[in-house]
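Participant: Structure, please.
(chains A, B, C and D)
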Protein chains: 2
Amino acid sequence: MTAGNTGRKRPTISDVARRAGVTKGAVSRALNSGTGVSTGTRERIRLAAVELGWSPSYAARALNGKPLGTIGLVVRRSPEILDFDAFFPSFLSGIESVLSGEEHATVIRFVPDAQTEAATYERLFGDRFVDGFLVTDLRVDDERPAMLHRLGAPAVVVGAPEGSSDLPTITNDAEEAIRGLVRRFADAGHRRIAHVQGDRHMLHALQRRRHWEQAMGEFGLEPGPVEHGGYTIVGGAQATERILARSGDERPTAVFYGSDLMAIGGYSVLGEAGLAIPADVAVAGFDDIPLASFASPPMTTVRSKHRALGSAGARILLDMLKGQAPPLSTVLTGELCIRDSSGDPV
Amino acid sequence: MTAGNTGRKRPTISDVARRAGVTKGAVSRALNSGTGVSTGTRERIRLAAVELGWSPSYAARALNGKPLGTIGLVVRRSPEILDFDAFFPSFLSGIESVLSGEEHATVIRFVPDAQTEAATYERLFGDRFVDGFLVTDLRVDDERPAMLHRLGAPAVVVGAPEGSSDLPTITNDAEEAIRGLVRRFADAGHRRIAHVQGDRHMLHALQRRRHWEQAMGEFGLEPGPVEHGGYTIVGGAQATERILARSGDERPTAVFYGSDLMAIGGYSVLGEAGLAIPADVAVAGFDDIPLASFASPPMTTVRSKHRALGSAGARILLDMLKGQAPPLSTVLTGELCIRDSSGDPV
DNA sequence: CTGAAAGCGCTAACAT
DNA sequence: ATGTTAGCGCTTTCAG
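Facilitator: Residues are numbered from 1 along each chain as shown, chains lettered A, B, ... in the order given. Just a heads-up that it's a prediction; the model follows:
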């Protein structure tokens, strides 16, 4: 139990000032910069504040343009992704792990469309309700970096390719892992390797596809059919059906899914079609969600460091808020996890 | 793009007032209650506000004791649970699904200990940084309901037994499902059915245990050994080792784990011990995480409605904030999901 | 119905 | 080193 202020009004700096025998101004200085006050009175003021159980008013501080100690996360997706998607919970976990040490809170807002999204960023920062933003799910032609720049809002982009904006960016680099995956498929004799791309508006989906295309080229393979699965289980299932609908010798013998979830959808369609993994069709996913290693067969996938993306993003944003110049680019490297679903090289 | 206020100061009600040819007071009334202003001027004021791209200042509003449109979630657990635990992501998902429709944001704060926890609640609400709280993970002798009452903070408790506090409570009632589970075990001839309890400080862990004990009694069985697994995978594994360490005819033939995660830990220990599920040891979990149906064998478990708990909690809290009297008790019923791990009744 | 003015808790000049 | 005084943007009396 703190001071027993059982319900009465909270003390203000005026109360503290009175008790310490000084004025509000002195209290404000003593409690903030600490300069412009003699050591003696500063201590007297500090003591008075503690005795009264005083704590600062966020609102009054904010009204004077002071930072509140909050970072904003505005997410333009269905709240359900928290339940299904691999990224967000881990990402949030990473953020919170650094914020819980600092005196910072996270403000989360899910928005349905671009217009609400823009308005939310503007309001949140316009009134300094948040000190800065962590930006995820960067889209092709995303207008947020420009808007945030215009607003003058501190922000770091997480999970986007290097150079995709002029904001400090944390990249989830899976190029080498994807190359390793394609090599493995190629070594096993696969020629037609399909790709199921996630949400086509997302930069990370595009990037995974590019890496796949590039690796295919390097191994002298024609980038096989590409289907879109929207990063969902059903999307992955439907994409797989479209792939299977191809006639005999055009049908891919391996599929690289842009997310584990889509690959799970693929598993069920392949199973119903009587196709064995990896004997008939080899499969690989992306993310390495817990389920991947428990699936049957255990799924080969590219592990991306969701938590680390969150913690690195939060760390850098916090440093920016303290006035430090952020690294413009930070790269975390994805790792290839070989399991049974991709089969063995010959 | 909204109004092209490219970086200059945001308009205030003074600006709106000037443009509409009235005073600040009139603007405030027009934009809030709407009363005390003629329809004509109100429209004029509204128009001026829109033209100027005005939006209210959270800080100034808060300074006058107005609600900000935020609900608080303070969590005294390691941020890692977001990554591993089944509950939080889904719960948050439920919350966000109702909040995204309303003009509300979620403020999340992870705290390490009881002292920080208390201070966080006090500060957050003391300054009306949040309008109310959603309280989870109610512990035995939890002091938060009393504190929240003392603060006068609107709050609803989620996932706790009915009557565990005098706050409006949303209960995850699994009594019948657990009874059904024990019945199934009993019908299959099991006599010694162990229980692996979650975090012993948590009310929900205690509640699951009580339901199990009661059901055991109803079927004339002695509540077998109880081990503690702390709701983690390793905890569940260790608890399972302790169970297996028992001598021959004292060794349980079935285990009811207080969470799927702990059961997963159990799976691996049982497997390493060369024990088949369910032939040698029958297993059931609790939660129904996605992984449960993908485990091998697929896991029998009690499905609890995490998302629904979040959405119901948010819904009720929002109603309270609007002045409605909340239902003191809301009950969601858990559902038994029979899969292979529990074996067949004879 | 509308205007004027006080004040919410705090910061930041500006005096002294 | 300390006190004094304006505000920050808004709500809410209280007059008119």
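
Participant: Output the contacting helices and strands for the helix or strand bottoming out on mean pLDDT in chain A.
Facilitator: Lowest on mean pLDDT, DSSP states H and E among the helices and strands of chain A sits helix A:81-84, with a mean of 81. Applying 3 or more C-beta pairs under 8 Å, 6 or more residues apart in numbering or on different chains; DSSP states H and E, one finds that helix A:81-84 contacts helix A:87-99, helix B:87-99. Every residue, glycine included, has its C-beta placed from N, CA and C.

Participant: Following the chain onward from the last one, which element is next?
Facilitator: Right, the one you point to is helix B:87-99. strand B:105-110 (DSSP states H and E).

Participant: burial measure for A:F91, as a count.
Facilitator: 27 (other C-beta atoms under 10 Å in any protein chain shown).

Participant: And A:R139, how close does it get to B:G126?
Facilitator: From A:R139 across to B:G126, the span is 40 Å (C-beta to C-beta, to the nearest Å).

Participant: just A:G159 next, same as before
Facilitator: 36 Å.

Participant: returning to what we had before: which one of the helices and strands packed on helix A:81-84 lies closest to DNA strand C?
Facilitator: helix A:87-99 (21.4 Å; C-beta to the nearest atom of the strand).

Participant: secondary structure element for the closest residue to DNA strand D within chain A?
Facilitator: In chain A, the residue that lies nearest DNA strand D is A:G25 (2.6 Å; C-beta to the nearest atom of the strand). Counting by DSSP H and E, the element that carries A:G25 is helix A:24-31.

Participant: just checking, what packs against the next helix or strand after that helix?
Facilitator: With elements assigned by DSSP H and E, the helix or strand that comes after helix A:24-31 is helix A:39-52. Packed against helix A:39-52 by the contact rule (3+ C-beta pairs under 8 Å, 6+ apart) you find helix A:13-20, helix A:24-31.

Participant: Report how many residues lie close to A:G163.
Facilitator: 10.

Participant: domains for chain A, by residue range?
Facilitator: A:1-55, A:70-171+A:306-332, A:173-305+A:336-342 (automatic domain parsing).

Participant: Quickly, which of the ones you listed bottoms out on average pLDDT?
Facilitator: The weakest mean pLDDT among these belongs to domain A:1-55, with a mean of 80.

Participant: if you look at that domain, does any of it touch DNA strand C?
Facilitator: Yes - using C-beta under 7 Å from any atom of the strand, domain A:1-55 reaches DNA strand C at A:9-10, A:12-14, A:24-25, A:27-29, A:31-32, A:54.

Participant: chain center to that domain, what's the gap?
Facilitator: 40 Å (C-alpha atoms, centre = their mean, to the nearest Å).

Participant: Over to stretch A:286-303?
Facilitator: Distance, centroid of stretch A:286-303 to centroid of chain: 20 Å (C-alpha atoms, centre = their mean).

Participant: ok, and for it, which residues are buried?
Facilitator: For stretch A:286-303, the neighbour count (16 or more other C-beta atoms under 10 Å in any protein chain shown) marks A:286-292, A:294-295, A:297, A:299-303 as buried.

Participant: give me the number of residues near the closest residue to A:P225 other than its chain neighbours?
Facilitator: Nearest residue to A:P225 in three dimensions, chain neighbours excluded: A:A194, at 4.9 Å (C-beta to C-beta, 6 or more residues apart in numbering or on different chains). By other C-beta under 10 Å, the residues close to A:A194 number 25.

Participant: cool, and the one 5 residues further on?
Facilitator: Neighbours of A:D199 under the rule other C-beta under 10 Å: 20.

Participant: residues touching the residue nearest to A:P225, list them.
Facilitator: A:224-227, A:243, A:252, A:254-256 (C-beta atoms under 8 Å, 6 or more residues apart in numbering or on different chains).

Participant: In JSON lines: those, plus secondary structure and neighbour count.
Facilitator: Output for the contacts of A:A194, formatted as JSON lines (DSSP: H, G, I helix; E, B strand; the rest coil; neighbours: other C-beta atoms under 10 Å in any protein chain shown):
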{"residue": "A:G224", "secondary structure": "coil", "neighbour count": "23"}
{"residue": "A:P225", "secondary structure": "coil", "neighbour count": "18"}
{"residue": "A:V226", "secondary structure": "strand", "neighbour count": "17"}
{"residue": "A:E227", "secondary structure": "strand", "neighbour count": "20"}
{"residue": "A:I243", "secondary structure": "helix", "neighbour count": "24"}
{"residue": "A:P252", "secondary structure": "coil", "neighbour count": "20"}
{"residue": "A:A254", "secondary structure": "strand", "neighbour count": "26"}
{"residue": "A:V255", "secondary structure": "strand", "neighbour count": "31"}
{"residue": "A:F256", "secondary structure": "strand", "neighbour count": "32"}
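
Participant: Could you give the number of residues near the closest residue to A:L244 other than its chain neighbours?
Facilitator: Using C-beta to C-beta, 6+ apart and skipping residues adjacent in sequence, the residue nearest A:L244 is A:A273, 5.8 Å away. For A:A273, the number of neighbouring residues by other C-beta under 10 Å comes to 12.

Participant: for A:A273, phi and psi?
Facilitator: phi -80, psi 0 (degrees, to the nearest 10).

Participant: Kindly provide the distance from it to chain B.
Facilitator: From A:A273 across to chain B, the span is 19 Å (C-beta to the nearest C-beta, to the nearest Å).

Participant: Is the closest residue to A:E222 other than its chain neighbours in a helix, a strand, or coil?
Facilitator: Among residues not flanking A:E222 along the chain, A:M216 sits closest, at 7.0 Å (C-beta to C-beta, 6+ apart). The three-state label given to A:M216 by DSSP: H, G, I helix; E, B strand; the rest coil is helix.

Participant: what about A:M216, how many neighbours?
Facilitator: Using other C-beta under 10 Å, A:M216 is surrounded by 21 other residues.

Participant: A:T253 now?
Facilitator: There are 18 residues near A:T253, going by other C-beta under 10 Å.

Participant: contacting residues for it?
Facilitator: By C-beta under 8 Å, 6+ apart, the neighbours of A:T253 are A:190-193, A:280-282.

Participant: still on that earlier bit, how much space is there between the residue of chain A closest to DNA strand D and B:H211?
Facilitator: 61 Å.

Participant: So between those two, which is more surrounded?
Facilitator: B:H211 (23 against 12).

Participant: tell me the contacts of the more buried one?
Facilitator: B:174-175, B:178-179.

Participant: Make sure it is indeed in a strand.
Facilitator: No - going by three-state DSSP, the assignment for B:H211 is helix, not a strand.

Participant: one step back: ok, of the residues of domain A:1-55 next to DNA strand C, which one's closest to chain B?
Facilitator: The closest of those to chain B turns out to be A:R10 (C-beta to the nearest C-beta; 5.6 Å).

Participant: what about that closest one, which helix or strand?
Facilitator: A:R10 belongs to no helix or strand, assigned by DSSP H and E.

Participant: Tell me if I'm right that it and A:S55 touch.
Facilitator: Yes - applying C-beta atoms under 8 Å as the test, A:R10 and A:S55 come out as touching, 7.4 Å apart.
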